[in-house]
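Enquirer: Below are the sequence and a predicted model; questions follow.
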Amino acid sequence: MRLFTVQRAVDYGPIGGVWEDMESSGHKSSPWLDTLMIPLYGTVASAILFLIHLLVKSLFRKSDAESKKHVGNRMEPDEGISRSERVFKLLEIHAQCYGGAAIFWYMFARMIGCFLLLGISVHNLLLSYRQGGEVRGHFLDILLHKSLFIVYLYTSVLSFISIFSHKLSKIATRHTIFLLFISLGVYAYRDVWPLATTTETPMDIAEGKLLWVKITLLAITALLIPLVIPHQYIPVDPNDPMPIPNAELTASLLSFLLYSFLDPVIFSASKVRHLSWSQLPPLTDSNRAKYLKQTAFPHIDTFHGAKKRHLFFGLMRFYRWEYTVMALTIIAQVLFNFAPPIAINRILVYLETNGADTNIRPWFWIVLLFMGPIATSMSNQWYLFIASQVVVLTEGLLSQLVLEHSLRIRMKAETPKAVAPVGGDEAVVAAPDIASVDGQGSSNSSNATTSGGSSPSSTVKGKEKAKVEPAKKAAEVKKNGGQDNLIGKINNLITTDVSNIVDSKDFLVLFLEIPVQTVLCVVFLYKVLGWSAFIGFSVILIFIPIPGLVAKKIQSVQVKRMQKTDERVQVVTEVVNTLRMVKLFGWEQAMNGRIGVKRKEELHWVLEMSNGLINFILTSLTMPITYGTYTLIMKQQLNASIIFSSIAVFSLFGYQLHSVSYFTTTVIQGKVSLDRVNDFLRNTELLDTFSAKPQDQPIVPSLTDEDDREIGFRDAVFSWSTDSEDDSLPPSLHSFKLRVNGELLFKRGCINLIIGPTGCGKTSMLMALLGEMHFMSSSAEAWFNLPRSGGVAYAAQESWVQNATIRENILFGSQLDEPRYKEVIRQCALEKDLELFEAGDLTEVGERGLTLSGGQKARVTLARAIYSPAEIILLDDVLAALDVHTSKQIVEDCFKGDLIKGRTIIM
C-alpha cells in the first residue's frame, strides 16, 4: 500500500489542476495522501517542535548577564552623526551579532526568497479561486494551494525571526532550511525526475513558467545559500576569543567540501620558498591543549572523573560526533562507488536494446557516471579531513595523558630479573643525626632500618595517614609487568604505541565499509550474473579461516615484539644517559653487546610477524570461476553490459579483500598498543597520594591547625614499593624500609641537617617527606607531613638542566626579579662561570646547547631552588660535586645570606 499517491497532470485551465479524475477507476484518492501535502505535515511538526523549544527555553531561561555575554558587547553609534549614517551603523552592528555582514546578507537573501515563494503561492491560490467554477475538482485544487500557502507563510515568518531575533536565530534557520528542503525534494520528485524518463511528464507542468521559477527559488534557498553561507564563529571560551579566527571556523559547507578556505595559504606558499610559522593559520581555540584537556580528560583519565573502563570507550565518547560523521561519509562513499557500474550497465543495455528495456533516458546515466566518482572523492576527502584531525588531537591527548600519568607513578631502580632477590635479610643502619642550625638545640632523632616484608599502603593529602590495600593489587601489578623497563616503556608509549593507535583510526573501514560494500557487491553480481556469482564467492568462504589464524598470530607476535622493543629502548636510554661514563671507562664494546642482544631478540619477533603475513590472491580466482560457471554451466551469453559492469564490481570486491589484510593488521597493532597504554594507566604502581581512597582510610584522631604546620614523622615506616617481593628492585633497595620510631620534627625557619654515612637513608627521608615512598603506619597515631601551602622546592642529588638558557633554568617559569636574580647568581657562585660564556646567562644549555660541568649543574640546580618563592627548600647533597673553596663560599654567602632567612631548609 502506497502512503502517498502520485497524480498525473491533467490540464484544467490556465492554472492547471493536479488531480487525476479517479471516477473511471471506480474509487477516489484522499487529498491528504498527495505528495504536495508532505511540506504541510513537515510544517505542523516544525511548529510543534518550535513551540516545545520556546516552552523549554522559558522554563530554563538563562540570566540576563549570560545572555548579554553570549550576544556580545553591542556598541551604540556616535551621537554626532547624521540619521542615515546612524541607520547604516545600527545595521552594521546588528549584522555583527550574526557573525558579519556576509552572513547577514545571505540570511536576508533567504528571507527574500521565502517572500517570493509566498507571493507565488498567493498568486496560484487566487487563480484557483477565480477558476474554481471551471474546474471540476476545484475544492481539492484549492486545498493543495492553501497547504503550500501555509508552508511558505510559515517559512517566511521563520526567516524573518532568524534575522531580527538573535536568541531564536539558530533554531529558526534550521527549521526554515528543513522545510524548504522538503519542498524542493517534493517538486524534484514530481517535476524534475519525470524529465529523465521516457514515460512520465512533470505533474505540475500546467503551472507554466512559474513552476520553474518556484523550483529555482527553492534550490537557491534550500541548497545554494546553506552551501555558501559562512559559518558564524562562536568561541569555546567567550572570555578568551581568537583575535583573528581560523578560516576553518568560518568556512562555508561548500568551502569545506572543496578545501577552498585553504586557498590563501596555498597562494602565499606559491610565492615564497618557505612559509614561516607566523604566516600559517592560527590554531583553532577548540584544538588548543588547554581546552582539549578540559573536554577530553573527563572521559579518558580517571583522575579527572573518567569511568574505570577501557581507554577505547573513553576516546569514542570524546570523538562521538567525529566518528558519526566518518561513518556517514563511509556509507555515502560505498553507495557512490556503485554509481559507475550501474551507469555502465544501463548505458550498454540501452545501446544493446535500442532503449526497448529501459524507461530512463541515457543522459541521466551519463550524468551519474560523471557525478558518481566526484561524490565518492568528496566523501572520501571529507572522511580524511576529519580523520586527520582525530589523528593530530589523539597524538597530543595520549602524549599529554601518558606524561601526566608518569608524574603519578612510583619510579624505582631496575635491574635484570636474573639478579637473585635478597628479601629475607635484615640489616640495621646507623641512625642519622638531624640537627637544626639555629643555635637553639636540635630536633629529635630516629632510626632507619632495613628489614624484610612490607605491607602495601598509600598516602592521603595534608597530614598523611596510612591505609592498607589488598596485597592482591600489588601482586597483580607485578604479574602484569607494570614496572618492567618503565623508562623504555614510557618512551615507547608516546612514540611507537601512540603512532600505532592513530594508525588504527580507520577501524570503521574494517567493521563498516568492507561488510556493507561486500554485501552490495554480492547483490549486484547476483542481479547481473545470477547464481554463478555464489560459486565464485564460495571459493572465498573456503579460505575464510586463514585470515583469522593469521590475525591471531599477528596479535601474539605483536605483543612479544613490543616487549622486546621496550627492553631495547630501555638499554639505549641507559647507555645515552651514562655516555660520559661509558666513554671514560671504555665500556663501548660491552654496551654495544647489550644493545645488540636486545636488537636481535626484537628482530626475531619482527621476522616472525613478517612471515605470518600472507597475501591472498582470491580475486584472481573468483572472476574466472564466476564467468566460467555463467557460460559453461548456466549456458548464458556474456555481453558488454554484463562484462564491463561486473568487472568494475569485481575490482571493488578485490580492493576490499586486499584491504582486509592491511586494516586487520593495523587495527590489531593499534589494539595491542591501546591495551599497553590502558595497562600503563590502570596497573602501574602509583604514589600514595594518587592511590589513596577515602573509604579505605583508618579512623584517626583529628589534627589541629598547629599540627598541620609541623614538618616531620611519627611512627612512620616507608618502603620503595608496595610489593615486598618486587623483583624489579635491585638488591640495594629490595625490601628497604625507612623506619621512624616515635616523633621526628624539623624546625621551621632554620636549617635542618640530616647527617649519616652513605646508604643510611638520608635521601630516602627526603623522598619520604615528598611522598615519593610508600607510607606504612606502625601505630594508630602514625603520620608524616610536609606543608605545601607556602610552596616546596627540591634540589635533587643528581643535578639536571633543561634544554634552555641558564636564566630560564634558574627562573623555572617564575617572573624575573632583576635584583633578586642577580643576588642568587652571586650567592650561588655563578658570576665567574657566566663571565666565561659569550652570551652570559642567556647561553643555551642542555641537549643541543652547551654542556655544563657537574659543579656548574649543581650550582644552577641550587640557584633554581633558592630563587623560587617556596617557603620550604629540600636540598639533597648539593655540595657533593663542588670543591672546598666553592662550597665554603656558598655556605658563607648563600646559607648565611638573606635569601633564605625565615625559610625552612632541610639538607
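Expert: Right, received. Where do you want to start?

Enquirer: residues in contact with stretch 109-124?
Expert: The set of residues that contact stretch 109-124 without belonging to it, under CB atoms under 8 Å, 6 or more residues apart in numbering, is 15, 145, 148-149, 151-153, 155-156, 158-160, 162-163, 176, 180, 207, 210, 213-214, 217-218, 220-221, 225. C-beta coordinates here come from the backbone N, C-alpha and C atoms, glycine included.

Enquirer: who touches stretch 294-303?
Expert: 304-306, 308, 311, 314-315, 317-318, 397, 401, 404-405, 408, 681, 690.

Enquirer: Tabulate the CA atom coordinates of it in CSV.
Expert: Coordinates of the C-alpha atoms in stretch 294-303 are reproduced here as CSV (Å, rounded to 0.1, in the frame of the first residue of the first chain):
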residue,chain,number,x,y,z
GLN,A,294,39.2,20.2,29.9
THR,A,295,36.9,18.4,27.5
ALA,A,296,38.7,15.1,26.9
PHE,A,297,40.3,14.1,30.2
PRO,A,298,37.0,13.7,32.0
HIS,A,299,36.4,10.8,29.5
ILE,A,300,39.9,9.2,29.5
ASP,A,301,41.6,10.0,32.8
THR,A,302,40.2,8.5,36.0
PHE,A,303,41.8,11.3,38.0
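
Enquirer: got the buried residues for that stretch?
Expert: Within stretch 294-303, the residues that count as buried by 16 or more other CB atoms under 10 Å are 296-302.

Enquirer: tell me the domain boundaries of the protein?
Expert: Following automatic domain parsing, the chain resolves into domains at 23-50+72-229, 288-406+486-543+616-682, 427-478+688-785, 792-906.

Enquirer: Would you mind giving these as a markdown table with distance to residue 237 added?
Expert: Output for the domains of the chain, formatted as a markdown table (distance: least, CB to CB, whole Å):
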| stretch | distance to residue 237 |
| --- | --- |
| domain 23-50+72-229 | 14 |
| domain 288-406+486-543+616-682 | 7 |
| domain 427-478+688-785 | 29 |
| domain 792-906 | 23 |
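
Enquirer: ranking the ones you listed by mean pLDDT, which is last?
Expert: Within the domains of the chain, the stretch with the lowest mean pLDDT is domain 427-478+688-785, showing a mean of 61.

Enquirer: can you give me the helices in the stretch 251-400 of the chain?
Expert: Using DSSP state H, counting those that start in this stretch, the helices of the stretch 251-400 of the chain run over 253-258, 263-271, 289-300, 311-318, 320-337, 339-353, 362-406.

Enquirer: could you dump these to CSV with distance to residue 499?
Expert: Supplementary listing: those in CSV, determined by distance: least, CB to CB, whole Å:
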stretch, distance to residue 499
helix 253-258, 28
helix 263-271, 26
helix 289-300, 18
helix 311-318, 15
helix 320-337, 19
helix 339-353, 36
helix 362-406, 8
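
Enquirer: looking at the ones you listed, which is closest to residue 129?
Expert: helix 362-406 (38.4 Å; CB to CB).

Enquirer: Direction-wise, compare that closest one with helix 311-318 and give the angle.
Expert: Direction vectors for helix 362-406 and helix 311-318, defined by axes from the mean of the first three to the mean of the last three CA atoms, to 10 degrees, enclose an angle of 120 degrees.

Enquirer: on contacts alone, who are the packing partners of helix 362-406?
Expert: Under the contact criterion of 3 or more CB pairs under 8 Å, 6 or more residues apart in numbering; DSSP states H and E, helix 362-406 touches helix 253-258, helix 289-300, helix 320-337, helix 339-353, helix 486-492, helix 498-503, helix 640-683.

Enquirer: can we see that at 6 Å?
Expert: In terms of contacts (3 or more CB pairs under 6 Å, 6 or more residues apart in numbering; DSSP states H and E), helix 362-406 is packed against helix 320-337, helix 339-353, helix 498-503.

Enquirer: Quick check: next helix or strand after the shortest one?
Expert: This points to helix 498-503. Tracing the chain C-terminally past helix 498-503 and defining elements by DSSP states H and E, one meets helix 507-508 next.

Enquirer: Check the offset of the helix or strand following that following helix from the chain's centre.
Expert: The element immediately downstream of helix 507-508 (helix or strand, assigned by DSSP H and E) is helix 514-529. On the basis of CA atoms, centre = their mean, to the nearest Å, helix 514-529 is displaced by 35 Å from the centre of the chain it belongs to.

Enquirer: And helix 514-529, what's buried?
Expert: Applying 16+ other CB under 10 Å to helix 514-529 flags 514, 517-518, 520-522, 524-525, 528-529 as buried.

Enquirer: Ok, stretch 376-390 next?
Expert: Using 16+ other CB under 10 Å as the test for burial, stretch 376-390 gives 376, 378-383, 385-387, 389-390.

Enquirer: Check stretch 780-799 too.
Expert: For stretch 780-799, the neighbour count (16+ other CB under 10 Å) marks 782-787, 792-796, 799 as buried.

Enquirer: how long is that stretch from one end to the other?
Expert: 38 Å (CA to CA, to the nearest Å).

Enquirer: The helices and strands packed on helix 362-406: which one's closest to residue 621?
Expert: helix 339-353 (20.8 Å).

Enquirer: Just the buried residues of the contacts of stretch 109-124.
Expert: Neighbour-count burial (16+ other CB under 10 Å) is assigned, among the contacts of stretch 109-124, to 15, 145, 148-149, 151-153, 155-156, 158-159, 162-163, 176, 180, 207, 214, 217-218, 220-221, 225.

Enquirer: Relative to residue 883, which of the contacts of stretch 294-303 is nearest.
Expert: For the contacts of stretch 294-303, the minimum distance to residue 883 (CB to CB) is 38.5 Å, reached by residue 408.

Enquirer: What sits closest to the closest one if chain neighbours are left out?
Expert: Excluding the flanking residues, the one nearest residue 408 by CB to CB, 6 or more residues apart in numbering is residue 690, at 4.4 Å.

Enquirer: what's whichever strand or helix holds the one you found packed up against?
Expert: Residue 690 is part of helix 688-691, with elements assigned from DSSP H and E. Here helix 688-691 touches no other helix or strand, going by 3+ CB pairs under 6 Å, 6+ apart.

Enquirer: Can you list the buried residues in that helix?
Expert: Taking 16+ other CB under 10 Å as the criterion, helix 688-691 shows 688-691 as buried.

Enquirer: Make TSV from these and add distance to residue 883 to it.
Expert: Conversion of the buried residues of helix 688-691 to TSV gives the following (distance: CB to CB, whole Å):
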residue	distance to residue 883
688	39
689	38
690	41
691	43
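
Enquirer: Skipping adjacent residues, who's closest to residue 676 in space?
Expert: Nearest non-adjacent residue to residue 676, counting by CB to CB, 6+ apart: residue 497, 5.5 Å away.

Enquirer: give me every residue that touches that neighbour.
Expert: Contacts for residue 497 were tallied using CB atoms under 6 Å, 6 or more residues apart in numbering; they are 673, 676-677.

Enquirer: Residue 846 reaches residue 800, doesn't it?
Expert: No - applying CB atoms under 6 Å, one finds residue 846 not in contact with residue 800, separated by 9.2 Å.
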